[in-house]
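>>> Provided below are the primary sequence and the corresponding predicted coordinates.
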Amino acid sequence: MRKVYNRWLIAVMGTLAHLSIGTVYAWSYFQNPISDHYRWSHSTTAWTFSLAIFVLGLTAAWGGRHLQRIGPRKMALTGSLLYAAGYIIAYFAFTSGSLFLLYLGFGLIGGMGLGLVYVTPVDTVSAWFPDRQGLVTGMVVMGFGLGAFVMSKGIAPLLMRLFSNDIAATFLVIGLIFMVLLPFFSFFLQSKEKPETQSQPHLRILPILLGGQYRLIWFMFLFNIVAGMIFLSFQSPLLQDLLRLNGLTDKALLESRGATLIAISALFNGLGRFFWGAVSDRFGRVSTFRLLFAIQIVVFILLIFCKNPIVFAAGVCIVLLCYGGGFGVLPSLIRERYADRMASVYGLTLTAWGVGGIIGPQLVAMMKDHFPENAAVFSYFIALILLISGLLSAFRLRKSAEIV
């Protein structure tokens, strides 16, 4: 007789696993200190975060294809150890001043861990809650969005003060913390079905990927990602630039304001996943995506002309509310259309996250390195064009599920 599992316990532990790896979204907290201390350009430093997100997308695609064969517990445990190892290797990168080691550790190895841990709870919890798709998958990915809050207002400031702003020591301790916590959360992730009864995840994937409707979903997700990544990677530096224009010059106060925005916007990012996931249960996945794009278009138009730090901060929060919404709606959209191929198709769709993780941060980094006075405005214009393209794609996407 098969053991009966508590599905809400699985959902909670999946959420906590996402909360842990979501700390990667606090990268902008470290962006300026790392760049200043090691005298690396903004673009060079930002490649660490971009590489981690890019590898996340590729690894999630692989993980989705092999999740049922390996099992959620083993996959999440492997990812947990890799993500923690990424922080620990970053310690050695900082102590030796090795940019290559930082890319290898935090970017490549840590990114692989991110992908394996990310895809596992989403698919696993989705299978346990066929009756509450948007609500529960939104809750799980909400944890990822809230990770930046925990890191930027809790773990990172505490450790930086404890170690007298020693970035290397801070990363080492973070890695050791996750080496303990993440495997514990992973232990509770359990498939609903027996391995022998699961569907054939490798069958009929190529026709889906070549379908016009799927391509619209992939690009919609990509455009939403790029808009959010502009702020996830550089919201603190961009806010500090505006504050300097308004007369604030104290470095400690500037960094504190930046950290506060990261924390507040992380709440919006996290809650957006839960809120928009629930909204999509009521009004439909496609209609919700259309609304997400429309709201962000209005916000970016305002930000192009905005020089007020408060208005900027409000705009960041709204954009990240919608950014998180994309993650909250996507799992249900994929499951509705591709049913028994959920893990494979969802994992492959996350490659858009990986691509957006390069485009968004590198876009702002390039602007700050080459056009520092107009970096924000130029970035917003490009994001606006992509969001309009996303809205047009959303109107071309049929509301009814595909038959595949």
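Structure received. Numbers count the residues shown, from 1 in each chain.
>>> could you use CA atoms for every contact and neighbour count after this?
Will do.
>>> how many neighbours does residue 224 have?
Here the number of neighbours of residue 224 (other CA atoms under 10 Å) works out to 30.
>>> name the helix or strand for the residue nearest to it when sequence neighbours are not counted, please.
Leaving out its chain neighbours, the residue that sits closest to residue 224 by CA to CA, 6 or more residues apart in numbering is residue 323, at 6.1 Å. Assigned by DSSP states H and E, residue 323 belongs to helix 309-338.
>>> centre of the chain versus that helix, how much separation?
10 Å (CA atoms, centre = their mean, to the nearest Å).
>>> now swap in stretch 333-341 and tell me
Put simply, stretch 333-341 sits 21 Å off its chain's centre (CA atoms, centre = their mean).
>>> so what's residue 97 up against?
residue 38 (CA atoms under 8 Å, 6 or more residues apart in numbering).
>>> tell me the pLDDT of it.
pLDDT recorded at residue 97 is 91.
>>> cool, and residue 185?
93.
>>> about what we covered before: so the residue nearest to residue 224 sits against residue 228, correct?
Yes: assessed by CA atoms under 8 Å, residue 323 is found in contact with residue 228 at 5.4 Å.
>>> tell me the contacts of the residue nearest to residue 224?
Residue 323 makes contact with 224-225, 227-228, 269, 272, according to CA under 8 Å, 6+ apart.
>>> how about a cut-off of 7 Å?
224-225, 228, 269 (CA atoms under 7 Å, 6 or more residues apart in numbering).
>>> which of those residues tops the neighbour count?
If you rank these by neighbour count (other CA under 10 Å), residue 269 sits at the top with 33 neighbours.
>>> secondary structure element for that one?
Element membership of residue 269, judged by DSSP H and E, is helix 251-283.
>>> try residue 229
helix 212-245.
>>> could you pull out the buried residues of that helix?
213-243 (16 or more other CA atoms under 10 Å).
>>> what of stretch 272-285?
So, applying 16+ other CA under 10 Å, buried residues of stretch 272-285: 272-281, 284-285.
>>> and the two most separated of those residues?
Maximum pairwise distance among these (CA to CA): 15.8 Å, between 272 and 284.
>>> picking that back up, same list, the contacts of residue 323, but as TSV with pLDDT and distance to residue 317 please.
Below are the contacts of residue 323 laid out as TSV (pLDDT from 0 to 100; distance: CA to CA, whole Å):
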residue	pLDDT	distance to residue 317
224	95	14
225	94	15
228	92	10
269	86	7
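>>> now these as TSV including distance to residue 189?
What follows is the contacts of residue 323, written out as TSV (distance: CA to CA, whole Å):
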residue	distance to residue 189
224	29
225	27
228	29
269	24
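>>> between those residues, which sits nearest residue 391?
Out of the contacts of residue 323, the member with the shortest distance to residue 391 (by CA to CA) is residue 224, at 9.7 Å.
>>> roughly how far apart are that closest one and residue 128?
28 Å (CA to CA, to the nearest Å).
>>> pLDDT at the residue nearest to residue 224, what is it?
pLDDT, read off for residue 323, is 93.
>>> same thing with residue 272?
On the pLDDT scale, residue 272 gets 88.
>>> switch to numbering from 5
I'll keep to 5 as the first residue from here, and by that count the last item is residue 276.
>>> might one say that it is in contact with residue 326?
Yes: between residue 276 and residue 326 there is a contact under CA atoms under 7 Å: 6.2 Å.
>>> what distance separates the host helix or strand of residue 70 from the centre of its chain?
Per DSSP H and E, residue 70 falls inside helix 46-74. Put simply, helix 46-74 sits 10 Å off its chain's centre (CA atoms, centre = their mean).
>>> circling back to that earlier point, just checking, what packs against the helix holding residue 273?
Using 3 or more CA pairs under 7 Å, 6 or more residues apart in numbering; DSSP states H and E, the elements in contact with helix 255-287 are helix 137-154, helix 216-249, helix 313-342.
>>> would you turn those into JSON lines with distance to residue 71?
Supplementary listing: these in JSON lines, determined by distance: least, CA to CA, whole Å:
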{"stretch": "helix 137-154", "distance to residue 71": "17"}
{"stretch": "helix 216-249", "distance to residue 71": "21"}
{"stretch": "helix 313-342", "distance to residue 71": "15"}
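>>> quick one: closest of these to residue 37.
Among the helices and strands packed on helix 255-287, helix 216-249 sits nearest to residue 37 (CA to CA), with 10.4 Å.
>>> now the angle from that closest one to helix 255-287?
Here the directions of helix 216-249 and helix 255-287 differ by 150 degrees (axes from the mean of the first three to the mean of the last three CA atoms, to 10 degrees).
>>> tell me where the stretch 155-304 of the chain is predicted with low confidence.
197-211, 213-214 (pLDDT under 70).
>>> now do the helix holding residue 327 against helix 137-154, angle only.
Using the same axes, to 10 degrees, helix 313-342 lies at 140 degrees relative to helix 137-154.
>>> next, the buried residues of helix 313-342.
Buried residues in helix 313-342, counted by 16+ other CA under 10 Å: 313, 316-317, 319-342.
>>> following element in sequence after it, please.
Later in the chain than helix 313-342, the nearest helix or strand by DSSP H and E is helix 346-353.
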